[in-house]
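Trainee: okay, predicted coordinates and the sequence, questions at the end:
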Amino acid sequence: MQIVILDDDNLMLRVLEQTLRRMGHAPITTRTGQQALERLSQGDVHLVITDWEMPGMNGLEFCKAVRNQDINGYVYVIMLTGREGVRSKIEGLDAGADDFLNKPFNPDELLVCLKTAERILSLETRDLALFAMAKLAESRDPETGAHLDRVQSYARVIARNLSPEVKSRHGVDDAYLRLVHQTSPLHDIGKVGVPDHILLKPGKLTPEEFEQMKIHTLIGAQTLDAALERFPNARFLQMARDIAATHHEKFDGSGYPRGLKGEEIPLCGRIVALADVYDALTSRRVYKPAFTHEEARNIILKERGKHFDPDLIDAFLIAEDQIITVRQRLSDSHQPQTLSTAPAETLHAIHRDPIDYSLILDRCAGNAAFASSLIDRFRAQAIAEVQILTSAQRNNKIDDLLLHAHAIQNLSATISAETPAQIAQQIHDLAASNELAGIPQLIDQLAKEISRIVVWLNSRHPFHSVAA
C-alpha cells in the first residue's frame, strides 16, 4: 500500500520509511505540507502519516488543507505527536485527523493504526451504503423488528453446523462463515424499491400485490450488480448479490424469481432462505401470531427436499439449541421502540430530507468540489465512528465516548446534518455526567439516522451537475 509520510525531521522520516518498507508498504517521503498535498492531488494515495509539530504548515494546518482540497476519494490521516490527553485529540479530530500515533512510535502500534486505516478505506462508500440500505429496508417494514440481526445469526449458525462433507464440497471455511454473517442482512435490500402501499399493508397481500413484492429480489440483485461492476473482485458483494437474488428460490424449483432448482441455487441463498423462513414463522405479524419453535420446526421438516435443502435441514436440527438461544436473545420484546410503535411524527420524519444540500454549498462558499469532499468524508467515517461508539459504550470507556461523540458532531456539522449532531451531543453530555444508562438507546437512534443519511446521499448526486 502506498503511504505518504510528512515530517521535517530527516531521522524520523528515515525510521518511518524503513519501518513501513519492512511491513510491505510503499512509503513516499515528503518534507513539507505543500509537497504532500501535491502528491495527494494525483489521487492514487489515500493514507498519510504526518507529524504535528512542523515549521511552516504544521500537522493541523495540513489536515485542514487535505479536507479542503479536491482529492479523488477519501484520505485517511494518521497524526504523529508527542502530545497527550483528550483535548489534543479533539483538536486533531476537529482539524480532520483520523488517528494518532505517539512519539516515539512503537512499530506494533503503527501496525494496528495501519490495519485500522486499511479497514476504513476498504469500506467504500457503496459498501457502507449497501448495509445502510438494508437497515432502511427493515425500518420501512413496521413488523420486522430485529429481523436482520436474527437472520444474520441464524444463517451463521446453520452454515457452521453443516456436515464436513457439505463444507468440503462447497468450500465452507471460516472466511465463508464470516461472509454469510456479513452479507445475509442484505437479503431484502430490494424492498427499498417496493411501493409503500404494498410493503406497509397491514394484512395479507392480494395475488397481484404479491407479484409486485416478488420483484424485490430482482431489484436487490440489480443494485448489487451495479456495485459489482465497480468492484468485480469483492467477494462480499458477490455473495450479497447471490443472496438477494435467490433467497426465495426453493429446492424443488417452485420458488422465484427464476425457478432455480437444487444446487443451481447458490448455497448462501439456500442458507438464508431457511433462516429467513424460520424467523418469519416465529415472529408475529398482523395476520398471524408468532409460532413456537416446535411449530416452526415441524413446518420446516415437512418442507425437506421441497422448499429446503435436506443438508441444511440436517444442520438446522444439529444447531437447534443454538437457534433457540439466538431467538430468545434477539426477540422483539428485547429491542428498543420500533417504527411500528413510534409516534406519527417519527414516521413522518423518516420521509423528510435529512439534510439540505444548499446549506452545504453555502458552507463551502459555492465550491461544489469542496462540498462533495465533505460528503465523501461523512460517508467514509460516520458509520465507522458509530461502531467505535458502540464498542466504547460496551466497555464503559468514557474518554472514548466523549472523543467519538465529538467526532460525530464535527462530521455532522460539516454537512449541516442537525439530527445526528444533536444525538451525539446528548451522548456526549451523558458520558460527561457519567450517566451511561441512556447511551445505548441513543447510539441505536444515531446509527439509524446516519444510515438513513448515507442512503439518501447515495441516491442523489447534485454536485455532479453543479461541478460540471
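Mentor: Great, that's in hand. The structure presented is a predicted model; accordingly, all values stated were derived computationally and were not measured.

Trainee: in stretch 177-184, what counts as buried?
Mentor: 177, 179-184 (16 or more other CB atoms under 10 Å). The way it works is simple: take the backbone N, C-alpha and C, and place the C-beta from them, glycine included.

Trainee: nearest to Gly255 among the residues you listed?
Mentor: Among the buried residues of stretch 177-184, Ser184 lies closest to Gly255 (CB to CB), at 17.4 Å.

Trainee: how close does that closest one sit to Phe62?
Mentor: 42 Å (CB to CB, to the nearest Å).

Trainee: just checking, Glu84 touches Asn102?
Mentor: Yes: here Glu84 reaches Asn102: they are 7.3 Å apart, a contact under CB atoms under 8 Å.

Trainee: more crowded one of those two?
Mentor: Neighbour comparison, Glu84 and Asn102: the larger count goes to Asn102, with 13 against 10 (by other CB atoms under 10 Å).

Trainee: pairing partners for the more buried one in the sheet, please.
Mentor: Thr81 (DSSP bridges).

Trainee: first-to-last residue distance for stretch 41-61?
Mentor: Across stretch 41-61, the terminal residues are separated by 16 Å (CA to CA, to the nearest Å).

Trainee: ugh, typo on my part, it should be stretch 434-445
Mentor: 20 Å.

Trainee: neighbouring contacts of that stretch?
Mentor: Residues from elsewhere that reach stretch 434-445 (CB atoms under 8 Å, 6 or more residues apart in numbering): 336, 386, 389-390, 393, 396, 398, 401, 423, 426-427, 430-431.

Trainee: sort those residues by pLDDT and name the bottom one.
Mentor: Among those, Pro336 carries the weakest pLDDT, at 40.

Trainee: pull stretch 310-325 out as PDB, backbone CA atoms only.
Mentor: Output in PDB follows, covering the C-alpha atoms of stretch 310-325 (Å, rounded to 0.1, in the frame of the first residue of the first chain):
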ATOM      1  CA  PRO A 310     -32.000 -31.600   3.100                       C
ATOM      2  CA  ASP A 311     -28.400 -30.900   4.000                       C
ATOM      3  CA  LEU A 312     -29.500 -27.600   5.600                       C
ATOM      4  CA  ILE A 313     -32.400 -29.300   7.500                       C
ATOM      5  CA  ASP A 314     -29.800 -31.600   9.000                       C
ATOM      6  CA  ALA A 315     -27.600 -28.600  10.000                       C
ATOM      7  CA  PHE A 316     -30.700 -26.900  11.400                       C
ATOM      8  CA  LEU A 317     -31.500 -29.900  13.600                       C
ATOM      9  CA  ILE A 318     -27.900 -30.200  14.900                       C
ATOM     10  CA  ALA A 319     -27.900 -26.400  15.700                       C
ATOM     11  CA  GLU A 320     -31.400 -26.400  17.300                       C
ATOM     12  CA  ASP A 321     -30.300 -25.400  20.800                       C
ATOM     13  CA  GLN A 322     -28.200 -22.600  19.400                       C
ATOM     14  CA  ILE A 323     -31.100 -21.300  17.200                       C
ATOM     15  CA  ILE A 324     -33.400 -21.200  20.200                       C
ATOM     16  CA  THR A 325     -30.800 -19.300  22.200                       C
END
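
Trainee: who wins on neighbours among the contacts of stretch 434-445?
Mentor: Ile427 (28 neighbours).

Trainee: from Gln393, how far off is it?
Mentor: Ile427 sits 9 Å away from Gln393, going by CB to CB.

Trainee: where do the contact lists of these two overlap?
Mentor: 401, 439, 443.

Trainee: would you convert these into JSON lines that also reports distance to Glu264 and secondary structure?
Mentor: As requested, these are arranged in JSON lines below (distance: CB to CB, whole Å; DSSP: H, G, I helix; E, B strand; the rest coil):
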{"residue": "Leu401", "distance to Glu264": "49", "secondary structure": "helix"}
{"residue": "Ile439", "distance to Glu264": "48", "secondary structure": "helix"}
{"residue": "Ile443", "distance to Glu264": "42", "secondary structure": "helix"}
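
Trainee: which among these gets closest to Ala382?
Mentor: Ala382 lies nearest to Ile443 out of the shared contacts of Ile427 and Gln393, by CB to CB, at 12.7 Å.

Trainee: skipping adjacent residues, who's closest to Thr223 in space?
Mentor: Excluding its sequence neighbours, the residue lying closest to Thr223 (CB to CB, 6 or more residues apart in numbering) is Ile189, at 6.1 Å.

Trainee: count the neighbours of that neighbour for me.
Mentor: 28.

Trainee: separation between it and Ala244?
Mentor: Taking CB to CB, one finds Ile189 at 6 Å from Ala244.

Trainee: Leu260 now?
Mentor: Leu260 is 14 Å from Ala244, by CB to CB.

Trainee: quick one: which of those two has more around it?
Mentor: More neighbours surround Ala244 than the other of Leu260 and Ala244, with 29 against 19 (other CB under 10 Å).

Trainee: how close does Thr50 get to Lys201?
Mentor: Taken as CB to CB, the span from Thr50 to Lys201 is 55 Å.

Trainee: what residues sit buried inside the longest helix along the chain?
Mentor: Secondary structure assigned by DSSP state H gives helix 368-394 as the longest helix of the chain. Of all the residues in helix 368-394, those buried under the rule 16+ other CB under 10 Å are 368, 370-386, 388-390, 392-393.

Trainee: ok now that helix, how far from the chain's centre?
Mentor: Distance of helix 368-394 from its chain centroid, counting by CA atoms, centre = their mean, to the nearest Å, is 10 Å.

Trainee: looking at the buried residues of stretch 177-184, which is nearest Leu205?
Mentor: Closest to Leu205 out of the buried residues of stretch 177-184 is Ser184 (23.8 Å), distances taken as CB to CB.
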